[in-house]
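In: predicted model and sequence below, questions to follow.
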Amino acid sequence: MALKIISTLSGKIEEFKPIVAGKVGMYVCGITPYSDSHIGHARCYIVWDTLRRFLLHEGFDVKYVQNFTDVDDKIINKANELKVDPLKLPEKYIKEYFEEFDKLNVMRADVYPKVTEHILEIVAMIGKLVEKKFAYLSSGDVFFDVSKFKEYGKLSKQDLDELIRGKRVEVNPNKKNAADFALWKSSKKGEPSWESPWGNGRPGWHIECSAMSEKYLGEKFDLHCGGQDLIFPHHENEIAQSESSSGKKPFAKYWMHNGFVTVKKEKMAKSVGNILNVKEMLKKYDGEEIRFFMLQTSYRQPLDYSDEALKNSTESYESLKNVVWRLEQKIGTENIEKREGLKQKEDGKKNEGEAKGKKSHNFKKAKISDTDLIQFRDKFISSMENDINTPEAISVLFEIRDFAFKELERKANGKEDGNKKLIETRLLLMELANVLGLLEKNQKKDKKSQISDAEIKKLIDERQQAKAKKDFGRADEIRNQLKEKGVLLEDNKDGSVGWKAV
């Protein structure tokens, strides 16, 4: 594999070479579970799930870690507002997260560490930073002294003054410098707290990810991913903490960040009232339709959402499902799965943290002999190797769709015997779609686009007869009827009629 990515740390295109050949350690910053997950979360975890899938497809052993920040100022404030236990509140939103993101085909992480379950590791790391004089105690709080870390700002590419100006820097009179950030916060009445050498308190926001990533991936690992909004201060602070604590660089070899989501060109904000929750979106659209829509834009670019855009995307996605159904009707799903043994299975394996029940995806490559299909696969892989170019990869799926319909038409016209090419086409389409987390759900028989070749031929013949009788009203009715079922008719100059999926 020759995967090339644009790493935020270097700002350049780099060839991806893991620290240990064949193995990838991957950390993705997870949600703070105090409210419903929104479309920005959906984009983030769909994007990094897709990267993980591609690495698995290419034969890497990937350990994927995604945390839950289950103690935080926002959680405490929301719990006080609702008059509930702040340690219990996150459970509701974590449960909903799994329910919603399973529907988006986001594979379960190998580990879901929680802050409240890793206090000992967090306290130990803070202790090392204090001992090495990268951190100081002030009125019961412990702060990281950014002036001691000379490379502070190397991820966001700004100097200290620029970073402070207009950014989320905590105002606290106990700090030596404005940019210093809390590692440990002294306890306040009614807040959760734990014992530490500096008194009872709780972790600051940033230290958790440094401590938990080190526990599960080591002092140095390959990939650290998250939303663009985390570059500063969260990821900048993670680097400072981790590299100061371990003395090893780089903390993460590659940093990748996905772009923002806007709604009708406006930034999402509670004050504007345009935050779209995943829960509400799933009431209107299937999870795969949402996923397909998001992957049509490069992960690094802003993604603009509108109902119209998602609706148009959904209609396009129907044609991919349609061709899979047609292929399966023609050659039989059972024969395909028996031939290649590629059927997805639930492994029921229980992983660390909350990872129980995750799907074990078999990314084994299908055995393909047809030259055209081999070229499609090569083109798809080249697209994904180019900084995970999912829009280009999706275009390859549509090329395979068109190829499939031509083969189905050829078969229907008796121009080719045997099903080998159809079987291989279906296998390849499913293999590559699964890398993107698409076409994983069984195609339902009641979908409007699912109409057999025999039914299409019957309606085309009826339309031809109607035109011969100059009953153009009935001919138009049949054309519209087929269009509603995802079939577009093409009248040829010689009087014949072709069709394609839409």
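Out: Yes, it's here.

In: give the other helices and strands that the host helix or strand of residue 314 contacts.
Out: Element membership of residue 314 [criterion: DSSP states H and E] is helix 307-331. Other elements packing on helix 307-331 under the criterion 3 or more C-beta pairs under 8 Å, 6 or more residues apart in numbering; DSSP states H and E are helix 287-295, helix 390-412, helix 420-435, helix 453-468, strand 497-501. No exception for glycine: its C-beta is placed from N, CA and C like everyone else's.

In: which stretches of the stretch 151-300 of the chain have low pLDDT?
Out: 163-171, 271 (pLDDT under 70).

In: what ranges does it have for its helices?
Out: Using DSSP state H, counting those that start in this stretch, the helices found in the stretch 151-300 of the chain span residues 160-164, 207-217, 236-246, 278-284, 287-295.

In: which one of those lies closest to residue 307?
Out: Among those, helix 278-284 comes nearest to residue 307, with 8.1 Å by C-beta to C-beta.

In: ok, and for the closest one, which residues are buried?
Out: Applying a neighbour-count criterion of 16 or more other C-beta atoms under 10 Å, the buried positions in helix 278-284 are 278, 281-282.

In: lowest-scoring secondary structure element of the chain by mean pLDDT?
Out: For the chain, counting by mean pLDDT, DSSP states H and E, strand 345-346 ranks last in confidence among helices and strands (a mean of 38).

In: quick one on the thing from earlier: how about the helices of the stretch 151-300 of the chain in a markdown table, adding distance to residue 51?
Out: Compiled in a markdown table, these are given as follows (distance: least, C-beta to C-beta, whole Å):
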| stretch | distance to residue 51 |
| --- | --- |
| helix 160-164 | 28 |
| helix 207-217 | 16 |
| helix 236-246 | 19 |
| helix 278-284 | 20 |
| helix 287-295 | 11 |
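
In: ok, which of those helices comes nearest residue 10?
Out: Nearest to residue 10 among the helices of the stretch 151-300 of the chain is helix 236-246; the distance by C-beta to C-beta comes to 13.2 Å.

In: now residue 124, nearest residue through space, not along the chain?
Out: Leaving out its chain neighbours, the residue that sits closest to residue 124 by C-beta to C-beta, 6 or more residues apart in numbering is residue 211, at 7.5 Å.

In: hmm, the one you found is touching residue 118, no?
Out: Yes - counting by C-beta atoms under 8 Å, residue 211 touches residue 118, with 6.0 Å between them.

In: what about the two, which has more around it?
Out: Shown here are residue 211 and residue 118; by other C-beta atoms under 10 Å, residue 211 has more neighbours (25 against 19).

In: next up, the contacts around that one.
Out: Residues touching residue 211, when contacts are defined by C-beta atoms under 8 Å, 6 or more residues apart in numbering, comprise 118, 121-122, 124-125.

In: let's see if you can find the most crowded of those.
Out: residue 125 (26 neighbours).

In: got a list of contacts for stretch 307-317?
Out: Residues lying outside stretch 307-317 but in contact with it, judged by C-beta under 8 Å, 6+ apart, are 285-286, 288-290, 292-293, 296, 438, 502.

In: and stretch 248-258, by the same measure?
Out: The set of residues that contact stretch 248-258 without belonging to it, under C-beta under 8 Å, 6+ apart, is 5-9, 14, 16, 18-19, 27, 43-44, 47-48, 51, 155, 210, 213, 219-228, 230-231, 235, 238-239, 242-243, 299-300.

In: next step: those restricted to strands.
Out: The members of the contacts of stretch 248-258 that map onto strands under DSSP state E are 5-7, 14, 27, 221-227.

In: give me the neighbour count for the nearest residue to residue 264 once chain neighbours are set aside.
Out: If the residues on either side of it in the chain are set aside, residue 264 comes closest to residue 306, at 5.3 Å by C-beta to C-beta, 6+ apart. In terms of burial, residue 306 registers 12 neighbours under the definition other C-beta under 10 Å.

In: in contact with the residue nearest to residue 296 when sequence neighbours are not counted, which residues are there?
Out: In space, and not counting its chain neighbours, residue 296 is closest to residue 391: 5.5 Å by C-beta to C-beta, 6+ apart. With contacts defined as C-beta under 8 Å, 6+ apart, the neighbours of residue 391 are 295-298.

In: filter those to the buried ones?
Out: Buried members of these, scored by 16+ other C-beta under 10 Å, are 295, 297-298.

In: how about residue 118, nearest residue that isn't a chain neighbour?
Out: Spatial nearest neighbour of residue 118, chain neighbours left out: residue 212 (5.4 Å); criterion: C-beta to C-beta, 6+ apart.

In: ok, residue 134 next?
Out: Nearest residue to residue 134, sequence neighbours excluded (C-beta to C-beta, 6+ apart): residue 244, at 4.2 Å.

In: the one you found: what's it in contact with?
Out: Residues counted as contacts of residue 244 (C-beta under 8 Å, 6+ apart) are 129, 132, 134, 144, 148-149.

In: quick one on the thing from earlier: tell me the one of the buried residues of helix 278-284 nearest residue 63?
Out: Checking the buried residues of helix 278-284 one by one against residue 63 (C-beta to C-beta), the nearest turns out to be residue 278, at 25.7 Å.

In: distance of that closest one from residue 78?
Out: In this view, residue 278 and residue 78 are 18 Å apart by C-beta to C-beta, to the nearest Å.

In: what comes up buried for stretch 17-35?
Out: Of the residues in stretch 17-35, those buried by neighbour count under the rule 16+ other C-beta under 10 Å are 18, 24-34.

In: can you give me the end-to-end span of it?
Out: 38 Å (C-alpha to C-alpha, to the nearest Å).

In: what is the distance between that stretch and the centre of its chain?
Out: Here stretch 17-35 shows a centroid-to-chain-centroid distance of 12 Å under the convention C-alpha atoms, centre = their mean, to the nearest Å.

In: and it, what's its mean pLDDT?
Out: For stretch 17-35, mean pLDDT is 97.

In: cool, stretch 397-413 as well?
Out: Averaged over stretch 397-413, pLDDT sits at 88.

In: and it, which residues are buried?
Out: Judged by neighbour count using 16+ other C-beta under 10 Å, the buried positions of stretch 397-413 are 397, 400-401, 403-405, 407-408, 411.

In: follow-up on the earlier one: which of the buried ones among the contacts of residue 391 sits closest to residue 365?
Out: Within the set of the buried ones among the contacts of residue 391, residue 295 lies nearest residue 365; the separation is 20.5 Å, counting by C-beta to C-beta.

In: count the residues that sit near the residue nearest to the closest one when sequence neighbours are not counted.
Out: Closest residue to residue 295 apart from its sequence neighbours, by C-beta to C-beta, 6+ apart: residue 390 at 4.1 Å. Applying other C-beta under 10 Å, we find 24 residues neighbouring residue 390.

In: and what of the one 4 residues further on?
Out: By the criterion of other C-beta under 10 Å, residue 394 has 22 neighbours.

In: would CSV of the contacts of residue 391 with distance to residue 497 be doable?
Out: Output for the contacts of residue 391, formatted as CSV (distance: C-beta to C-beta, whole Å):
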residue, distance to residue 497
295, 34
296, 31
297, 36
298, 38
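
In: ok, so of these, who is nearest residue 179?
Out: Within the contacts of residue 391, proximity to residue 179 (C-beta to C-beta) peaks at residue 298, which comes in at 32.3 Å.
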